[in-house]
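Visitor: what shape does this take:
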Amino acid sequence: MNQETNQAPRAAGAAIKSAVLAAILALPMAASAQQRVIDVDVKQVQGKLDRMFNLSVGAGRANEGLRADWQQQLAEIKRDAGFRYIRFHGLLTDDMGVFKIDAQGKEQYNFQYIDSLFDYLLSIGIKPFVELGFMPSAMASGTKTIFWWKGNVTPPRDYDQWGRLITALTRHWTERYGKQEVASWYFEVWNEPNLDGFWAGTQDEYFKLYAHAARAIKGVDASYRVGGPATAGAAWIPEMIAFADKNKVPLDFVSTHSYGVGQGFLDEFGTHGTVLNKDDMAVAGDVLKNRKEIGASAMPKLELHYTEWSSSYTPADPTHDSYHQAAYILKKLKQSSGAVQSMSYWVFTDIFEEPGPRFEAFHGGFGLMNTQGIKKPGYFAYQFMNQLGATELKNADKESYATLDDRGGAQVLLWDYTHTLPEKTNNQQFFIKDLPPKSKGSAQVTLRGLKPGAYTMTLSQVGYKQNDAFTAYIGMGSPKQLTRAQVTTLKAQATGKPSQQKTVQVGSDGKFSTALPMRENDVYLLQLNAAK
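Guide: Residues are numbered from 1 along each chain as shown. Reported below is the predicted structural model:
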């Protein structure tokens, strides 16, 4: 592609953005619309910003992590969103070639594929949140599997053999990466054992599996962190703690999952119709419930990790692609802050093959990026969060963050989350349409206590036709396959670059104020930095 051709879509994208922003700023405000007020004093500190939002992110399965495009996308989102750990299924599944019994009946271990993957992760500064599963078929007690890639979900024939594998793998990591590095990881045993699809055994059998794995890990080094039960639907937390306490089994953290739909837990092939829960505390209510359960337990200070969460548990839900998702993510993270040590979004990419390879460019996949690396609106929720400063300011507004960075810059991230799904309509029917939002009036943002002088004000946006590749895709007629030119055009619609940047003056009163027009599910990141 020559330089002239390459620059044309970028220029077109920039022109569209400028035109859309101008149209938004020119929108008449309804006389009845109430103005929202965000009034913050930069000298009134709340404390250190809780960065649980980017501790971890999910991915489909380990073997997908050997793909070049998966690795390229992970490096990009690591750079923009700052994720520090990654969790995925299938580390021990047959396509990773980990375990077999040779002709003499001897146990054989092979960690070459795992080494290749973990070497890459560590090379880009991201650590594994190790999920131990599923069962190698040579160790399994049955043949029941899940997903297109056939993860075996049966208990081991011999739990001691399972323990030996976990010991060997943990020792291998210690030798390869060093005790200090491995001690910084998290080890989680299995995935969603409370669902028959993921675990063919009982709760007692899961606890037995957990105990063998936890003791194997701690047998290599007592400082290594291990936890579970990694359940669906915020389940088994009291039972897990009671089991560990009664049987003196190591437990350093508890983990579970929650999704923002009101029915079901598993949709392997993406065929269920789902309905976005209109309960204001969906997802976050589960987090707060679990934190309360931990506080009332024999281990009241345990860390709580949500190792999967999103708006929907199905890999065919257009909420994942929609502009609504950015505000949804921010609302749930804000509601959960302070009660949980991590909220691991499921997942970072649509390179995800639980139901098999997908035939459509946008199909409601879990990812923050689609298969071609086009960034969805949810991507920018995390990118904008990552641009907040380390110090959170006192702020009475429930749908915003105000922060200071270590250079004296101030940031305000604000959003409107509005549940727009009509009654008796499912996500798959509604979110596939072009959905123009209604006006929500304006937000008056005021920062006080600033040093007088010149500042660079930068405004970035996510919302309808703002970093919104999916609406642009719908405008193309929702083609199942994309040409190279279409991919380039859609990527130009979703860069995360500022929509506005200008120099402003702060006078002797130390005050900066601006009004931002708000529509349903708009997101703004306002940054104020001393002009150079």
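
Visitor: stretch 105-114 spans what distance, first to last residue?
Guide: Start-to-end span of stretch 105-114 (CA to CA, to the nearest Å) is 24 Å.

Visitor: what's the distance between residue 286 and residue 375?
Guide: Going from residue 286 to residue 375 by CB to CB, to the nearest Å gives 28 Å. Placement of C-beta: from N, CA and C, glycine included.

Visitor: so residue 293 sits in a helix?
Guide: Yes: Residue 293: assigned to a helix according to DSSP: H, G, I helix; E, B strand; the rest coil.

Visitor: residues contacting it?
Guide: For residue 293, the contact set (CB atoms under 8 Å, 6 or more residues apart in numbering) comprises 237-238, 241.

Visitor: cutoff 6 Å now
Guide: Neighbouring residues of residue 293 by CB atoms under 6 Å, 6 or more residues apart in numbering: 237-238.

Visitor: pLDDT at it, what is it?
Guide: pLDDT for residue 293: 98.

Visitor: ditto for residue 273
Guide: pLDDT, residue 273: 84.

Visitor: for residue 8, same thing?
Guide: Here the pLDDT value assigned to residue 8 is 44.

Visitor: any idea how far the residue lying closest to residue 161 once chain neighbours are set aside is from residue 163?
Guide: The spatially closest residue to residue 161, leaving aside those adjacent along the chain, is residue 139, at 5.8 Å (CB to CB, 6 or more residues apart in numbering). Computed as CB to CB, the residue 139 to residue 163 distance reads 11 Å.

Visitor: those two: which is more packed in?
Guide: residue 139 (23 against 20; other CB atoms under 10 Å).

Visitor: check the average confidence over the helix or strand containing residue 305, would you?
Guide: Taking DSSP states H and E as the criterion, residue 305 maps to strand 303-310. For strand 303-310, mean pLDDT rounds to 98.

Visitor: C-terminal to it, what's the next element?
Guide: helix 324-336.

Visitor: so what's the gap between the helix or strand following that following helix and the chain middle?
Guide: Proceeding N to C from helix 324-336, the next assigned helix or strand is strand 342-345, under DSSP H and E. Put simply, strand 342-345 sits 5 Å off its chain's centre (CA atoms, centre = their mean, to the nearest Å).

Visitor: next: stretch 186-200.
Guide: Its chain's C-alpha centre lies 19 Å from the corresponding centre of stretch 186-200 when counted by CA atoms, centre = their mean.

Visitor: low-confidence ranges in this structure?
Guide: Across the chain, the ranges flagged by pLDDT under 70 are 1-34, 263-271.

Visitor: quick one: classify the residue of it positioned farthest from its centre as helix, strand or coil.
Guide: Residue farthest from the centre of the chain, counting by CA atoms, centre = their mean, is residue 104 at 45.3 Å. Put simply, residue 104 is coil when judged by three-state DSSP.

Visitor: what do you get for the one 4 residues further on?
Guide: Residue 108 falls in the strand class when you classify it by three-state DSSP.

Visitor: for residue 329, what are its contacts?
Guide: Residues near residue 329 by CB under 6 Å, 6+ apart: 378, 381.

Visitor: give me that answer again for 8 Å
Guide: Here residue 329 is in contact with 345, 378, 381-382 (CB under 8 Å, 6+ apart).

Visitor: got those residues as a markdown table, with secondary structure, neighbour count and distance to residue 154 columns?
Guide: Below are the contacts of residue 329 laid out as a markdown table (DSSP: H, G, I helix; E, B strand; the rest coil; neighbours: other CB atoms under 10 Å; distance: CB to CB, whole Å):
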| residue | secondary structure | neighbour count | distance to residue 154 |
| --- | --- | --- | --- |
| 345 | strand | 25 | 29 |
| 378 | helix | 29 | 35 |
| 381 | helix | 29 | 38 |
| 382 | helix | 24 | 36 |
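
Visitor: spatially central residue in the protein, please.
Guide: In the chain, the centroid-proximal residue (CA atoms, centre = their mean) is residue 345; its distance is 2.1 Å.

Visitor: beta partners for that residue?
Guide: On DSSP bridges, the residues paired with residue 345 through beta bridges are residue 57, residue 309.

Visitor: and residue 400, by the same measure?
Guide: Beta-bridge partners of residue 400, as defined by DSSP bridges: residue 414.

Visitor: my guess is it contacts residue 413, does it?
Guide: Yes: between residue 400 and residue 413 there is a contact at 6.2 Å, judged by CB atoms under 8 Å.

Visitor: what is the burial count for residue 112?
Guide: 10.

Visitor: my read: it touches residue 97, true?
Guide: Yes: in this structure, residue 112 is within contact of residue 97 by CB under 8 Å, at 7.2 Å.

Visitor: against residue 216, how distant is the residue farthest from the centre of the chain?
Guide: Distance of residue 104 to residue 216, computed by CB to CB: 24 Å.

Visitor: for residue 65, helix, strand, or coil?
Guide: Under three-state DSSP, the three-state class of residue 65 is helix.

Visitor: what's across from residue 528 in the sheet?
Guide: As for beta bridges, residue 528 partners with residue 410, residue 457 under DSSP bridges.

Visitor: quick one: contacts for it?
Guide: Neighbouring residues of residue 528 by CB under 8 Å, 6+ apart: 409-411, 447, 450, 455-458, 504, 512.

Visitor: just to confirm, which helix or strand has residue 76 in it?
Guide: Using DSSP H and E, residue 76 falls in helix 68-81.

Visitor: got the contact list for that helix?
Guide: For helix 68-81, the external contacting residues (CB under 8 Å, 6+ apart) are 54, 57, 59, 64-65, 83, 86, 120-121, 124-126, 348-349, 351, 368-369, 371, 373, 379, 382-383, 385-386, 496.
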